[in-house]
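Asker: Okay, here's the prediction I keep looking at, along with the sequence it came from:
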Amino acid sequence: MTALLESLGYSGWALHALIWLPVLGVGLVLWADEAQAKILAFWWSIGVFVLSLGLWWAFDPTRADMQMVSTTPWIEAWGVSYSLGIDGISLFMVMLTTFTTSLAILGSFNYIQKRERAFYALMLLLEAAVIGVFVATDVFLFYVFFELTLVPMYFIVGIWGGERRIYAAIKFFLYTAFGSLLMLVGILYLFAKAKLVLGLPTFAYADLLQVPLSGTEQLWLFTAFALAFSVKVPLFPLHTWLPDAHVEAPTPGSVILAAVLLKMGTYGFLRFLLPLFPVAAQHPTVVTTMLVLGVIGILYTAWVAAVQPDAKKLVAYTSVAHMGFVVLGIFALNVNGIQGGLIVMISHGISTGALFLLLGMLYERRHTRTIAEFGGIARVAPWFATAFVITALASIGLPGTSGFVGEFLALLGTFESHPTIAFIATLGVIFAAYYMLPMVQTVFFNKLETDENRQIKDLSSREMVILAPLCALMILIGWHPTPLLERMEPSVRAVIERVEAAGAADAQASFDPTPDAGPDVEDDGIQVTDGDE
Amino acid sequence: MVSGVFASLIALTQGGGQAAAEGAHFEPFLPGLVVLLPLLGFLANGILALRHGRASADAVRAGGEFNLGGPDSRPSTHTLPTWIGPGVMAGAFLITLVNFGRMLGVHLEAPVVVHYWTWMATGTFTVDAALQLDQLSMIMMMIITGVGFLIHVFSVGYMKEDPGYPRYFAYLNLFVFFMLVLVMGSSYALMFVGWEGVGLCSYLLIGFWFADREKADAGKKAFIVNRIGDVGFLIAMFLLYKAFHTVDFVPVFAEAETLAYGGALVTAITLFFFLGAVGKSAQMPLYVWLPDAMAGPTPVSALIHAATMVTAGVYLVARSSVLFALSPVASATVAGVGALTALFAATIALKQNDIKKVLAYSTVSQLGYMFVGVGVGAYAAGVFHLMTHAFFKALLFLGSGAVIHAMHHAYHSTHRHEDAQDMRNMGGLKAYMPITWATMWVATLAIAGIWPFAGFFSKDEIIWQTAAFGGAAGAPFPTLYTIYWIIALAAAMLTAFYMTRMMVMTFHGTNRTGEAEAKQLHEAPATMWIPLAVLAALSAFGGWINVPEAIQNSFLGGMGAFPMSEWLHHWLEPLTAQAHHIQEVNLGELSHSAPFGGGEVLWAVLSTVAAGVVVLLTIRTVGRQKIVSVAEDTTELTGISALLYNKYYVDEIYDRFIVQPIIEASRFCWRVVDARIIDGTVNAVGLVSKGIGWGISMFQTGSVNTYAFILTVGVLVILGASLF
């Protein structure tokens, strides 16, 4: 496989193609007949997915740095370049995006009944933008893609959403736009500083890593970036846009939102917060704040989820709880924690994506999402119930599913550095059962009473095609996550080493009472390279 | 293969592993297949169940109903599961037997670990998918596959008329798979996979008849309560990792003694593990799920809630003997919780009328004994009681299943909706079901500790070891152990009483089922009574594999007539030696006399005679009581009787002080914190922005579209700018 990819020169063009193929698809879908739009969009997205599979083999798992790098100058006056690359952290985010986009499109076939061309075009545009976020190695380019994801999502919720779609869309838009504006300020500051120190205008990620920042600067910039990403994650208490957006979004919108868009937040933590502001990222107050917010997210949203009458809102809240584990893992600042966090990101993408698909299928059948309306459905829809139960179990982290591997490693890592916090977070294991099992029981078990429920159809073959790969992955990753873990490890290690090196340098610098007055040149050297590799 | 087993059995009778050739090598025989077979059975039965489910769904949709337990036999859908379900168990049992035979033939010093693949590896933490074969996992495998096979066979008869038949065997096979992973996994992490996996199957099987809300609720309760314990298990693993950078058994136990004896770390690790055990093995205060678990089909109660899953906590402590031996506080806690639970549950069992509830509380109580055993460092005794209990309690549950089956049919034939599980509706069943009656009496005598039935040897061993441990020179809390010892003796008397009461109410006296119904009562079919008979033999003679040396040489042992003195004890020695060594170094020699004097033999005689007297007295007194059927029973319970009958109102207390407050708090979080405080603040910020007039009017009119448009245009402008 590797040889075949090499003969095609895959590494050279794959990342470009992953962004521009969906964009080309947008044009094709808009140009196609209304009736054929969905078929075309689906097969197009499958094509993109198949293309992305090549990354698995083309990716060199031994390397920590960016691979398949390509840089083209874009706005030279500002030092902006169109540069792409991939490492062990973004690799799976790209694959998760192409995978879930295909399934989300296939899952829209019945749900989306109006303006189909526009819808599928937006889905492909969204895919392109998200992939762009994950592969951009120029911070300006990243920002453009990051903002660009808002637009299609805004329209998907606003046009094809439920009754309160406008409210939800605006809330989603304002919340996230507010966050990213702060980040823009941060980026511009970094740019200015880089120009001052390095003497040339640049937005290149690799260059910005070289910019020395004082502790105070790091704290401010960290805050600006962290707010932008925390809204996306979403981190408690910035999460209230999410349940509204999820409830109103059409099924495919929810799937992409949960599976991929939230991951842009935690991806941002790993890609920018930790490497760019390593001193701030390990400042005890910062770490404690992030961990405590993560833990609150885990427990608090589990409780809130448990009493939701609307099944979709319940799952939406559980997303906050799951992302809490990711935040915990990341700010554990060790290999186990971050790798666990990454697995939770993948697992949550798969299992929560599947839950939203399943709830969408249920909605198509019954036109309600109120849990109490259902009951005893397992008897008329056994395949449906089976798929739902498997997914629910993966979601609550039963061992043997992907959810367990991620949560276990994330908690293990957190325990290494912050046992008390990890201890409290582990209680989330109980409350996951507390929110999930009653919903499963009320919907699928108990007595089959109403006639509407009696007439619910089991999964169609199209629906099985959607759910089978999702369920298979949940179990496969649950039993054999090593191929994922070994590809992540070098890049994760590099992030941690960078943070630790900065921490060591910082400690040394602050131990010296008068570094500037000292005659020792090396002291100054440490100060200047503060935050450097 | 057969000759190998035979040769090994000869070796067994000659004194076990010690007689075997030194230096011989243990070659595991297809250990992966033991685990894989039930998994394949699950997959095959699962697919059959889904196909069958779809067919019956069409019937339901057309207005039909599942006829739970009715004579709606569907032979065509039952044929394959009947062969696959018990078939894979037979296969797994045979492979286990071969391995057991091979292990008997050698003196295995260290566990054999068979690696399959790397499960998780982050670079700093690695855990393999690997199976560990040693003396302890072998005993557990024998119980799980052996007793499991019998219960699968029994289920063929018991579940014959259930429309969910294929689904039933799918779950049951899946359970066995996870249970085998639990006992064969080579690390705590893999054990945890089995640990939660069996919990899942328990959940699915308790709620097997999920159309009944109460049953579905019981499954849910079991899962959630178990997860409380699972948190303990997880924390213990995290602590272990922090101490040893691994959670694999072999390296952890090898380095365990680097931890300070009685230190805070090892105490924390073991107490958290014990929290897991308390959940899974239904000890105080987390026992409340097990009585409710009786909502599942009765063979499930026999397999999961008596013989195997609930003993996983005991296995966990026995497996971690080295760690527990290092912490006298944790060990005392284990024994204390065990003793208290043994007594507490036994008192509840005194007043229950539901035959399965009696057995459920009895199980909780007997599990308490096992914890007393492993808590006083008598790991082999704990495992011994685990084994004999698997025999006699599985038999009791299956026997009660046969009774319920007969009762159900009787009431079904006359369309009366009476309680088929209430003993007040039974009585005099001996005449109708002689085999069930006889086999259940064997089990009753065994659990009551009557010589020479299996339970006598295992329970007595635990009681004696409690006394011996408390009397050791350096015993940490000698008075405490005296109390445990007295409690264990007292609970044994209660056991003899409530079990005999159950037997008398069910089988003796006059029949109260109803005149028309009584004609329909009948003995269980062969698929059901043959497993009963096999288990009866095991309940009668199973204790003989570990006759304590003192008893062996006394008149109770027929002056050496029993063939295998302390076989199990010696068999497990390679695994328990380290713990015993730690104990000996720190506590000194165990005592040879009980707190109030007297040796092992004297107290064994006293307790079995006392138990025998209790049995005889109970037969007389309960036999003379006027018992009336449920419909005619108007007695109002008062005082202690009401307290016991209502299980000390523990469920109500938990609901009032734990469950409801959490639900209330959840509502508060949602409606007040989330909706008003957080979202309210967000909206307030929105108002402030409007005051500033920062282009918000645009959004207020609902035209964020414009902003989105501007954003897109902005991006395009920047793109365009690059061209110039």
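Answerer: Received the coordinates, thanks. This structure is a prediction, so every number in the text was calculated from the model and none was measured.
Asker: which SS state does B:Leu616 fall under?
Answerer: helix (DSSP: H, G, I helix; E, B strand; the rest coil).
Asker: which residues of the chain fall in strands?
Answerer: Answering for chain A, as no chain was given. Counting by DSSP state E, residue ranges of the strands within chain A are A:67-75, A:80-86.
Asker: Not quite, go with chain B.
Answerer: For chain B, the strands defined by DSSP E occupy B:112-121, B:126-133.
Asker: With mean pLDDT added, can I get those in a markdown table?
Answerer: Below are the strands of chain B laid out as a markdown table (pLDDT from 0 to 100):
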| stretch | mean pLDDT |
| --- | --- |
| strand B:112-121 | 92 |
| strand B:126-133 | 93 |
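Asker: Return the most buried member of these.
Answerer: When you average the neighbours per residue for each of the strands of chain B (mean count of other C-beta atoms under 10 Å in any protein chain shown), strand B:126-133 leads with a mean of 22. To be clear about C-beta, it is placed using only N, CA and C from the backbone, and glycine gets the same treatment.
Asker: what's that one in contact with?
Answerer: With C-beta atoms under 8 Å, 6 or more residues apart in numbering or on different chains as the contact definition, strand B:126-133 has outside contacts at A:479, B:26, B:28, B:31-32, B:35, B:99, B:103, B:111-121, B:184-187, B:189-190, B:246-250.
Asker: Excluding chain neighbours, give the residue nearest to whichever residue of the stretch 501-650 of chain B sits closest to chain A in space.
Answerer: When distances are taken as C-beta to the nearest C-beta, the stretch 501-650 of chain B approaches chain A most closely through B:Val650, which lies 18.9 Å from it. Closest residue in space to B:Val650, ignoring its immediate chain neighbours: B:Val288 at 6.1 Å, by C-beta to C-beta, 6 or more residues apart in numbering or on different chains.
Asker: what residues are up against B:Gly185?
Answerer: Remark: with contacts taken as C-beta under 8 Å, 6+ apart, B:Gly185 is in contact with B:Ala130, B:Leu131, B:Gln132, B:Met191, B:Val193, B:Gly194.
Asker: which one of the strands of chain A has the lowest average pLDDT?
Answerer: The stretch with the lowest mean pLDDT among the strands of chain A is strand A:67-75, at a mean of 88.
Asker: Run the chain-centre distance for it.
Answerer: For strand A:67-75, the separation from the chain centroid amounts to 24 Å (computed by C-alpha atoms, centre = their mean, to the nearest Å).
Asker: Now do it against strand A:80-86: the angle between them, please.
Answerer: Put simply, strand A:67-75 runs at 170 degrees to strand A:80-86, going by axes from the mean of the first three to the mean of the last three C-alpha atoms, to 10 degrees.
Asker: Could you list the buried residues of strand A:67-75?
Answerer: When neighbours are counted by 16 or more other C-beta atoms under 10 Å in any protein chain shown, the buried residues of strand A:67-75 are found to be A:Gln67, A:Met68, A:Val69, A:Ser70, A:Trp74, A:Ile75.
Asker: Based on its surroundings, how many neighbours for the residue nearest to the first one when sequence neighbours are not counted?
Answerer: So the one you mean is A:Gln67. In space, A:Gln67 comes closest to A:Ile86 once its chain neighbours are excluded; the distance is 5.6 Å by C-beta to C-beta, 6+ apart. Neighbours of A:Ile86 under the rule other C-beta atoms under 10 Å in any protein chain shown: 24.
Asker: repeat for B:Arg671
Answerer: Applying other C-beta under 10 Å, we find 12 residues neighbouring B:Arg671.
Asker: That one: what's it in contact with?
Answerer: Residues counted as contacts of B:Arg671 (C-beta under 8 Å, 6+ apart): none.
Asker: Model confidence for the residue nearest to A:Ser108 when sequence neighbours are not counted, exactly?
Answerer: Closest residue to A:Ser108 apart from its sequence neighbours, by C-beta to C-beta, 6+ apart: A:Pro252 at 4.3 Å. Among the per-residue scores, A:Pro252 shows a pLDDT of 92.
Asker: what's near enough to touch residue 321?
Answerer: No chain specified, so I'll use chain A. Neighbours of A:Ala321 in contact, by C-beta under 8 Å, 6+ apart: A:Gly297, A:Ile298, A:Leu299, A:Thr301, A:Ala302, A:Ala305, A:Gly428, A:Phe431, A:Ala432.
Asker: that's the other chain; I wanted chain B
Answerer: Taking C-beta under 8 Å, 6+ apart as the criterion, B:Ser321 is in contact with B:Val374, B:Gly377, B:Tyr379, B:Leu575, B:Thr576, B:Gln578, B:Ala579.
Asker: same question, B:Thr500
Answerer: Taking C-beta under 8 Å, 6+ apart as the contact definition, B:Thr500 lies against B:Thr444, B:Ala448, B:Val614, B:Val615, B:Thr618, B:Ile619, B:Val622.
Asker: Roughly how far does it sit from B:Met141?
Answerer: 34 Å (C-beta to C-beta, to the nearest Å).
Asker: so which of the contacts of B:Ser321 is the most crowded?
Answerer: The most neighbours of any of the contacts of B:Ser321, using other C-beta under 10 Å, belong to B:Val374, which has 34 neighbours.
Asker: Touching, that one and B:Thr333? I think so.
Answerer: No: with the criterion set as C-beta atoms under 8 Å, B:Val374 and B:Thr333 do not qualify as a contacting pair; they are 11.6 Å apart.
Asker: For A:Leu270, which non-adjacent residue is spatially closest?
Answerer: A:Leu270's closest residue in space is A:Ile89 (C-beta to C-beta, 6+ apart), at 5.4 Å.
Asker: Give me the distance between that neighbour and chain B.
Answerer: Separation of A:Ile89 from chain B (C-beta to the nearest C-beta, to the nearest Å): 14 Å.
Asker: burial of that residue, as a residue count?
Answerer: Neighbour count for A:Ile89, taken as other C-beta under 10 Å: 21.
Asker: Now do the contacts for the residue of chain B found nearest chain A.
Answerer: At 3.3 Å from chain A, B:Gly53 is the closest residue in chain B, using C-beta to the nearest C-beta. Listed by C-beta under 8 Å, 6+ apart, the contact set of B:Gly53 reads A:Arg379, A:Pro382, A:Trp383, B:Arg167.
Asker: Any figure for the gap between the residue in the stretch 1-150 of chain A positioned nearest to chain B and A:Val185?
Answerer: As assessed by C-beta to the nearest C-beta, chain B sits closest to A:Ile75 within the stretch 1-150 of chain A, at 4.2 Å. With distances taken as C-beta to C-beta, A:Ile75 is found 19 Å from A:Val185.
Asker: try A:Thr223
Answerer: As for A:Thr223, its distance to A:Val185 is 11 Å (criterion: C-beta to C-beta).
Asker: try A:Phe222
Answerer: Shown here: A:Phe222 relative to A:Val185, a distance of 13 Å by C-beta to C-beta.
Asker: Tell me which of the two has more neighbours.
Answerer: When A:Phe222 is set against A:Val185 and neighbours are counted by other C-beta under 10 Å, the residue ahead is A:Phe222, at 23 against 15.
Asker: before we move on, back to that, reformat the strands of chain A as CSV; add distance to B:Leu367.
Answerer: As requested, these are arranged in CSV below (distance: least, C-beta to C-beta, whole Å):
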stretch, distance to B:Leu367
strand A:67-75, 56
strand A:80-86, 54
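Asker: tell me the two of the contacts of B:Ser321 that are most distant?
Answerer: Spatial extent of the contacts of B:Ser321 (C-beta to C-beta) is set by the pair B:Val374 and B:Gln578 at 14.6 Å.
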